[in-house]
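>>> Return atomic coordinates for the entry below.
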Amino acid sequence: MPTLETKSISKRFDSIKAVDNVSLSFEAGKITGLIGPNGSGKSTLINLLTGFVPYDAGMLVLGETTRLSRVRPYDIATYDITRTFQDVRLFEQMSVLDNVLVVLTERNVWSALFEKHKTYHLEKAKEVLERVGLWEKRNQLAVNLSYGQRKLLEIARAVAMDANIYFFDEPFAGLFPEMRKVVTSVLKELRNKGNTVILVEHNMDIIRELSDYCVVMDSGSLLAQGKPEVVLSRKDVIEAYLGE
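Below is the predicted model:
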C-alpha cells in the first residue's frame with residue numbers, strides 16, 4: 001500500500017510550470033529514486049511535499065485517511081515526515097551532539113535548548129552519531145566540520161527522528177567513497193525497517209543500486225516511472241538527460 005501519494009500537485013513560478021499536475025505514489029519499504037535533468041522540478045516537488053513551498057493546486061494523501069490541501073514545514077514531523085537538503089542546514093554554532101539533541105527533544109528550538117536531556121535522548125544521539133562515524137566529533141561545533149561530515153550530521157539528525165517517510169535530496173553529492181558507503185547502508189536499513197524513502201540523485205549507478213522504483217521528471221512533468229532497469233533504458237529518458 002502507498003504510504004504517501006500526490007494528487008495532481010501543481011506549482012507555478014510566474015509563467016514557469018515548476019511542477020505540473022503530478023500524481024505519484026510512494027510505497028512503504030521501498031526506495032523511490034526521483035531523477036531528472038537540472039531544472040526538471042525534482043527539488044521543487046520535495047519542497048512542496050515537505051511544506052517549504054506551498055502548492056497551487058492538488059492534494060497530499062498520507063496513509064488511508066489523511067488528506068492535506070496545505071502542508072507547513074513545522075507540521076511535517078507531526079505526519080512522520082523528515083528530510084535533508086541539497087544545501088546542508090545545521091545549527092552552526094552548536095555542537096554536533098546538540099544538533100542531534102535538538103531534534104530528539106522539543107521541535108521548538110528554544111524549548112529544545114532548555115529541556116533537560118534524559119538518558120534516552122543521549123543514548124539515541126550516541127547511536128545515530130556512531131552510525132555515521134561522528135561520535136568522536138560530538139563536542140565540535142558544526143561549523144568546524146568538513147563538508148562531508150556536515151552532510152552525515154544532517155542525515156544522522158533525520159534518522160534520529162524515527163520518521164516514517166524520509167526525503168533525501170542528493171545525500172551523496174560531494175562525499176568520499178567511505179562516506180558514500182555509510183549513507184548507502186543507512187538508506188538500506190531504513191528500507192528494511194519498512195520506511196518510505198524518496199531519494200533525489202544524479203548518479204545513475206547509485207539509482208540502479210538503491211532504487212526499487214524510479215520516477216523521472218522533465219520540465220515539471222512526469223516523464224517516466226517504473227523499475228530502474230526499464231526506465232533508465234528508455235530513449236526519451238536518455239534524451240532528456242543528454243539534451244538530444
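
>>> From here on, just use CA atoms for contacts and neighbour counts.
OK.

>>> moving C-terminal of the helix or strand of the chain with the lowest mean pLDDT, what's the next helix or strand?
The least trusted helix or strand in the chain, going by mean pLDDT, DSSP states H and E, turns out to be helix 109-114, with a mean of 55. Tracing the chain past helix 109-114, the next element assigned as helix or strand by DSSP states H and E is helix 119-131.

>>> ok, then the element right after that next one?
Per DSSP H and E, the helix or strand that comes after helix 119-131 is helix 147-160.

>>> domains of the protein?
Following automatic domain parsing, one finds the domains of the chain at 1-80+163-176+190-244, 89-162.

>>> mind giving me a markdown table with those domains and columns for distance to Val182 and mean neighbour count?
Below are these laid out as a markdown table (distance: least, Cα to Cα, whole Å; neighbours: other Cα atoms under 10 Å):
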| stretch | distance to Val182 | mean neighbour count |
| --- | --- | --- |
| domain 1-80+163-176+190-244 | 10 | 18 |
| domain 89-162 | 6 | 18 |
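
>>> mind listing the strands in this structure by residue range?
Ranges of strands in the chain, per DSSP state E, are 2-13, 16-27, 30-35, 57-62, 66-68, 81-83, 165-169, 196-200, 213-218, 221-226.

>>> ok, residues contacting the last one?
Contacts to strand 221-226, defined as Cα atoms under 8 Å, 6 or more residues apart in numbering, come from residues 19-22, 40-41, 213-217, 231, 236-237.

>>> Could you rerun that using 7 Å?
19-20, 22, 213-217, 231 (Cα atoms under 7 Å, 6 or more residues apart in numbering).

>>> Lovely, talk soon.
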